[in-house]
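build the 3D model from these lines:
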Amino acid sequence: MKNLISVAAALCFLASLGLAQNWPAWRGPDANGVAAPGNYPVEFSKDKYTWRAELPGRGSSTPIVWDGKVFVSCGISTGGKVGKDGALCFDLKTGKKLWQVDLGTERPGKHKNGSGSCPSAVTDGDSVYFYYKSGTVASLGMDGQILWKTNLQEKYGPDSLWWDLGTSPVLADGLIVIAVMHEGDSYIVALDKNTGDEAWKVARNFDCEKETHQSYTTPVVIKQGDENALITFGADHLTAHAVDDGELLWTCGGFNPQNKAFWRVISSPAITEGIAVVAYGRADNVKGVKLGGKGDITKEALVWDRNDIGTDVPTPVATDGMALLLSDKKNALHCIDVKTGKDKWVHEFGKARGKFFGSPVLGGNHVYMLRDNGQAYVGKITDDGFEILAENDMGERLASSPVLVDGKLLIRGDKHLFCID
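Numbering: from 1, shown residues only. Below is the predicted model of the structure:
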């Protein structure tokens, strides 16, 4: 337990680099759901906040932050069933809307917690990159100027996902990388971040049963040897592709030995100490997979395998050899040793309305978790386990992940963007 708590001290180096002020992508500075050290709020509510900004339409993407600016994708209502794909920017301190950009016709959501704006934006501090269910990918300057715009579905064909596109774009080596995994021609594509032109595109197809091809996960960038690799999960396989040209480095199967149908995946891999925690099978299964190697690594890569817990939607936190897995099915938070797969501790929430759709975030020894019925939980990791400090009512549906940055908590609701200082 002390190892997990000590991550706050280890992350002080981030603050010295100035990264404490930024949350550049969906899962934060290190893509693992861990915030830089800070004193973050515990008690708040729909009536107790620093500022609240009204949003012009539906969306469920997680906000990102860079140099005091908050960027978020959102539908822009036009009074009808179909609105516009919107990109918005707010001042982090005041909540003032700095700009709002219309990026074209929205493809509306199907699920009650979905939308046409599920993917989270990503930024390198020079531009902000947005992606939508409509297939639109756009690069905007920090002032809201449209630098380039393209559409993956117009170029490569429509997706066949049954629900709302959820994978977010990732930045790697000057490229914007997006995984499109569905029934049909699945692929990973890399776009030049300065022009939007295709740098490379590789097929990613496996034989699967109905709906199992479909994936809503987001790739993770890791270092493998002397090059960066993209770790992607979907269609019953974990794969690694070289960032520079998309070459397939290795594949790992074994996630669906009975070849079941309807095993689409939503939770993304969470990686620490060279081991990926991979949840699959609709919240009943999770594996520990050692990353690296060449070719088919299925047999040698398996570190541990559990079929008594899992998570369907939330992506685990992974840091310092531990993973925090929020089970949306069994309504519990598990702290797992990634080397053994065994629980360090388990916290059971008990019966409650609503499900956890957002992914948990760790700030120091505090864990932030959002339930879709509007409840925002804050818990504390202790030497003995875990305790809930506060259960905060935000008064509206919560389907995105919380953001911790610069001593502030950002929560994106169905109708508003909240900031608690």
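
got a list of what the spatially closest residue to residue 44 that is not a sequence neighbour touches?
Taking Cβ to Cβ, 6 or more residues apart in numbering, and ignoring the residues beside it in sequence, residue 44 has residue 420 as its nearest neighbour in space, at 4.4 Å. (Each C-beta comes from the backbone N, C-alpha and C, glycine too.) Under the criterion of Cβ atoms under 8 Å, 6 or more residues apart in numbering, the neighbours of residue 420 are 41, 44, 48-50, 408-409, 411.

gap between residue 420 and residue 360?
Plainly put, residue 420 is 17 Å away from residue 360 if you go by Cβ to Cβ, to the nearest Å.

again, but for residue 134
The value you get for residue 134 to residue 360, if Cβ to Cβ is used, is 29 Å.

tell me, how many residues neighbour residue 323?
Counted by other Cβ atoms under 10 Å, the residues lying close to residue 323 total 28.

helix or strand for it, which one?
When secondary structure is defined using DSSP states H and E, the element that contains residue 323 is strand 322-327.

got it, and residue 217?
Per DSSP H and E: nothing holds residue 217, as it lies in no helix or strand.

neighbours around it, how many?
Each residue near residue 217 was counted by other Cβ under 10 Å, and the total is 25.

list the contacts of the closest residue to residue 33 other than its chain neighbours.
Spatially, and ignoring its direct neighbours in sequence, residue 33 is nearest to residue 317 (3.9 Å; Cβ to Cβ, 6+ apart). When contacts are counted by Cβ under 8 Å, 6+ apart, residue 317 touches 32-34, 270, 323-324, 359-362, 367.

run the last query once more with 6 Å
Taking Cβ atoms under 6 Å, 6 or more residues apart in numbering as the criterion, residue 317 is in contact with 33, 324, 360, 362.

of those residues, which is the most crowded?
Neighbour-wise, the contacts of residue 317 (other Cβ under 10 Å) top out at residue 324, 29 neighbours.

what's opposite that residue in the beta bridge?
Beta-bridge partners recorded for residue 324 (DSSP bridges): residue 317, residue 335.

that one and residue 270, how far apart?
Counting by Cβ to Cβ, the separation of residue 324 from residue 270 is 9 Å.

which residues do the two both contact?
In the contact map built from Cβ under 6 Å, 6+ apart, the residues linked to both residue 324 and residue 270 are residue 316.

which one of the contacts of residue 317 is nearest to residue 291?
residue 33 (17.8 Å; Cβ to Cβ).

that closest one touches residue 361, doesn't it?
Yes. In this structure, residue 33 is within contact of residue 361 by Cβ atoms under 6 Å, at 5.2 Å.

residue 260: neighbouring residues, count only.
Using other Cβ under 10 Å, residue 260 has 15 other residues around it.

give me the distance between it and residue 287.
If you go by Cβ to Cβ, the gap between residue 260 and residue 287 works out to 15 Å.

before we move on, what about residue 41?
Following Cβ to Cβ, the distance that separates residue 41 from residue 287 is 35 Å.

those two: who's more crowded?
When residue 41 is set against residue 287 and neighbours are counted by other Cβ under 10 Å, the residue ahead is residue 287, at 25 against 21.

per-residue confidence for that one?
Residue-level confidence at residue 287 comes out at 98, pLDDT.

please, which helix or strand holds the residue of the chain most remote from its centre?
In the chain, counting by Cα atoms, centre = their mean, residue 79 sits farthest out from the average C-alpha position, at 29.9 Å. Here residue 79 sits in a region with no helix or strand, counting by DSSP H and E.

tell me which stretches of the stretch 251-400 of the chain form strands.
Listed in chain order, the strands found in the stretch 251-400 of the chain under DSSP state E, counting those that start in this stretch are 270-272, 275-280, 285-290, 295-296, 302-306, 317-319, 322-327, 332-337, 343-348, 361-363, 366-370, 375-382, 385-393.

elements contacting the third one?
So that's strand 285-290. In terms of contacts (3 or more Cβ pairs under 6 Å, 6 or more residues apart in numbering; DSSP states H and E), strand 285-290 is packed against strand 275-280, strand 302-306.

next: the fifth one.
The contact analysis (3+ Cβ pairs under 6 Å, 6+ apart) places strand 302-306 against strand 285-290.

strands paired with the strand it packs on, and their directions?
Using DSSP bridges, strand 285-290 pairs in its sheet with strand 275-280 (antiparallel), strand 302-306 (antiparallel).

buried sites along the shortest one?
Pointing back at strand 302-306 there. Judged by neighbour count (16 or more other Cβ atoms under 10 Å), strand 302-306 contains these buried residues: 303-304, 306.

do the same with the first one
For strand 275-280, burial by neighbour count (16+ other Cβ under 10 Å) applies to 275-280.

chain center to that strand: distance?
14 Å (Cα atoms, centre = their mean, to the nearest Å).

now the angle between strand 322-327 and it, please.
Comparing the axes of strand 275-280 and strand 322-327 via axes from the mean of the first three to the mean of the last three Cα atoms, to 10 degrees yields an angle of 10 degrees.

list the contacts of residue 393.
45, 374.

residue 369 versus that one, what's the distance?
When Cβ to Cβ is applied, the distance between residue 393 and residue 369 equals 14 Å.

what ranges do the strands span in the stretch 51-200 of the chain?
51-54, 64-66, 69-76, 84-91, 97-105, 122-123, 127-131, 136-141, 146-151, 170-172, 175-180, 187-192, 198-203.

next SSE after the last one?
In this case it means strand 198-203. Going down the chain from strand 198-203, the next helix or strand is strand 220-224, by DSSP H and E.

now the angle from that next one to strand 175-180?
Between strand 220-224 and strand 175-180, the angle comes out at 120 degrees (the same axes, to 10 degrees).

next, the buried residues of strand 220-224.
220-222, 224.

need the contact partners of that strand.
Contacts to strand 220-224, defined as Cβ under 6 Å, 6+ apart, come from residues 31, 170, 172, 228-229, 231, 269, 271.

and the helix or strand just after that strand, which strands flank it?
Beyond strand 220-224 in the direction of the C-terminus, DSSP H and E gives the next helix or strand as strand 227-234. Strands adjacent to strand 227-234 in the sheet, as given by DSSP bridges, are strand 220-224 (antiparallel), strand 237-242 (antiparallel).

give the contact list for the closest residue to residue 269 other than its chain neighbours.
Leaving aside its sequence neighbours, residue 269 sits nearest to residue 276 (Cβ to Cβ, 6+ apart; 4.4 Å). Contacts for residue 276 were tallied using Cβ under 6 Å, 6+ apart; they are 269, 289, 291.
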